[in-house]
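> Predicted model, plus sequence, below.
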Amino acid sequence: MNQEQLVTGRRSLAEVREQFEIWRGQRKRGGRIPRLLWQAAAGLSDRYSAAEIVTALRVDAGRLEQQIRRLSNESQRPAARSMEFVSVGALPMANADVVELEDETGRRLKVHLMGATAGKVIEVAKGLWEQVG
């Protein structure tokens with residue numbers, strides 16, 4: 001299990017302790033605990049007490065509390081605004097085979113469809129935009 005896998009799922013205290021031990025065996029003297037390990041440790045706080053985590057992982061209680069607060073703040077941030085599509089009804093598309101869309105961040109999506117109806121263009125654009133998002 002690599003460090004990226006560590007934060008992709010819910011890990012048990014024993015699994016995170018094993019990752020800390022692997023890191024400790026490989027680190028250079030004075031090396032800082034990697035962010036991914038801190039995230040995994042903080043992620044345990046919904047199932048284990050801070051004292052249990054500190055004891056099992058042999059980490060500083062104050063630093064663990066900071067990481068738990070950071071994780072809590074990150075999870076409370078509003079999700080990135082998603083693009084909303086507005087139905088414009090049936091548009092004549094006889095000569096228009098290119099539609100360009102832009103969201104509030106400046107991302108653009110350009111769709112080239114020959115002979116497509118407005119409904120088909122909107123359907124394809126929604127599907128593509130969701131994949132890009």
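Structure received.

> going forward, measure contacts between C-alpha atoms and count neighbours the same way
Will do.

> can I see the domain layout of this protein?
3-76, 81-133 (automatic domain parsing).

> and these, which one's lowest on average pLDDT?
The weakest mean pLDDT among these belongs to domain 81-133, with a mean of 66.

> count of neighbours near residue 13?
Number of residues near residue 13 (other CA atoms under 10 Å) recorded here: 20.

> which residues touch it?
44, 48, 53, 56 (CA atoms under 8 Å, 6 or more residues apart in numbering).

> Please report which of those has the highest neighbour count.
Top of the contacts of residue 13 by neighbour count (other CA under 10 Å): residue 53, with 23 neighbours.

> ok, that residue touching residue 41?
Yes: judged on CA atoms under 8 Å, residue 53 makes contact with residue 41 at a distance of 7.1 Å.

> Mind listing residues that contact stretch 41-49?
Everything outside stretch 41-49 that qualifies as a contact, by CA under 8 Å, 6+ apart, is 10, 11, 12, 13, 16, 53, 64, 65, 67, 68, 71.

> now do 7 Å
Residues outside stretch 41-49 that contact it (CA atoms under 7 Å, 6 or more residues apart in numbering) are 13, 16, 64, 67, 68, 71.

> The residues you listed in strands, which ones?
Within the contacts of stretch 41-49, no residue falls in strands by DSSP state E.

> what about residue 106, which SS state?
coil (DSSP: H, G, I helix; E, B strand; the rest coil).

> Number of residues surrounding it?
Neighbourhood size, residue 106 [other CA under 10 Å]: 8.

> Can you give me the distance of it to residue 123?
Residue 106 sits 21 Å away from residue 123, going by CA to CA, to the nearest Å.
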